[in-house]
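>>> pasting the sequence and the predicted coordinates here, then a few questions.
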Amino acid sequence: MNCWSLNLKGKHLLGMDDLSIREFNAVLELAERLKIEYHSGIAHPLMRDKVLAMLFEKPSTRTRISFEAGMTQLGGHAMYLGFDTMQIKRGETIADTAKVISGYSDVICARLYKHTTLEEMAKNSRVPVINALTDKEHPCQALADILTIKEHIGLNGTVAFIGDAANNVSHSLMIACAKVGLNYHAVCPKGYEPKEWAVKLFEKNAAKTGAKFEVFNDPSEGVAGVDVVYTDTWVSMGDEAEAKKREETFKEYQVNQSLMKKTNNALFMHCLPAHRNHEVTDDVIDGPNSVVFDEAENRMHVQKALIALLAK
Ligand code: CP
Ligand code: NVA
């Protein structure tokens, strides 16, 4: 497939299902090409003189840096706009802010608490808006994760997400898995299963790829024979008030050596930041099957591809 033959220009990426299966594969294909060229020292200034506005209401290490570095590599400029430094802090509306920013920029990425705020922003923006994480989804992470799985073991087999399977990372990842035909085990305590809307989107995509979805409350059963074990923090940004309760609820769901032994010599994945010796032990995250830093690097490659396809 030639990734440029699909017309993605002008589209927003708010949730993982905003990309069709073909579009998802086109982003991966371009990301792979850009990654090879980056490592060969070949510049690819697809966004020369273009501007990326990066709005952040929550902290970030990887997302902010990978978007900014990626935009620079594409020959453009990225502006970091922290909410604390803007008139939003003093009550300017998201709609007015989006109208103003889209007059100065070619593409926007935004990390916000509420997904509904992102939708309001997209509705009022004249340029594409990319979700850089909300309470509902983290699609850039899932794209990078699928690229990482493809590079290490190919897109076959089963991914077990263990922990808060109703969080943003799990939701985007499960929809992404369905798009490429990977099975998804949600391994979680009762009450933390993926939301119904995400299960519906999984099934819609799986009807085309044959992916299977299952929920397990027992960690050992959920990871038995799987090819990838994925976890994330038990306390996402915005959930801090529940931190104590969550630490207690999730303690049986820690990824450690004894759990990893039950898998098919699985890759270990984590979106980072990791809370070491809470959701994952040091020996697993630093062990030979861990690909967490490849995932982090791949954020930049997939986001460069996304920016180019949506905004070039
Ligand atoms: N994985 C991820 O989004 O990391 P940051 O919160 O550091 O951006
Ligand atoms: N689920 C986590 C992901 C951080 C990258 C959070 O929302 O805080």
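Done, it's in. Ligands and ions are numbered 1, 2, ... in the order given.

>>> with only the CA atoms kept, save stretch 202-218 in CSV.
These are the backbone C-alpha positions of stretch 202-218, laid out as CSV (Å, rounded to 0.1, in the frame of the first residue of the first chain):
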residue,chain,number,x,y,z
PHE,A,202,-12.9,-4.1,19.4
GLU,A,203,-15.7,-6.4,18.1
LYS,A,204,-16.4,-4.1,15.1
ASN,A,205,-12.7,-4.3,14.0
ALA,A,206,-12.3,-7.9,15.0
ALA,A,207,-15.1,-8.9,12.6
LYS,A,208,-12.6,-8.1,9.9
THR,A,209,-9.4,-9.4,11.4
GLY,A,210,-10.5,-12.4,13.6
ALA,A,211,-9.1,-11.0,16.8
LYS,A,212,-10.5,-12.4,20.1
PHE,A,213,-11.3,-10.6,23.3
GLU,A,214,-11.6,-12.1,26.8
VAL,A,215,-11.7,-10.8,30.4
PHE,A,216,-9.9,-12.7,33.2
ASN,A,217,-10.1,-11.8,36.9
ASP,A,218,-7.4,-14.4,37.7
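
>>> identify all contacting residues around it.
Residues outside stretch 202-218 that contact it (CB atoms under 8 Å, 6 or more residues apart in numbering): 17, 21, 158, 160, 165, 174-175, 177-190, 193-194, 199, 222. The C-beta positions use only the backbone N, C-alpha and C, and glycine is treated the same way.

>>> list the buried residues of that stretch.
Buried positions in stretch 202-218, judged by neighbour count with 16 or more other CB atoms under 10 Å: 202, 205-206, 211, 213, 215-217.

>>> what do you get for stretch 186-198?
Neighbour-count burial for stretch 186-198 flags 186-189, 192-194, 198 (criterion: 16+ other CB under 10 Å).

>>> identify the farthest-apart pair in those residues.
With CB to CB as the measure, no two of those lie farther apart than Pro189 and Ala198, at 17.2 Å.

>>> helix or strand next in line after whichever strand or helix holds Tyr184, which one?
Under the criterion of DSSP states H and E, Tyr184 resides in strand 183-187. Per DSSP H and E, strand 183-187 leads on to helix 196-209 as the next helix or strand towards the C-terminus.
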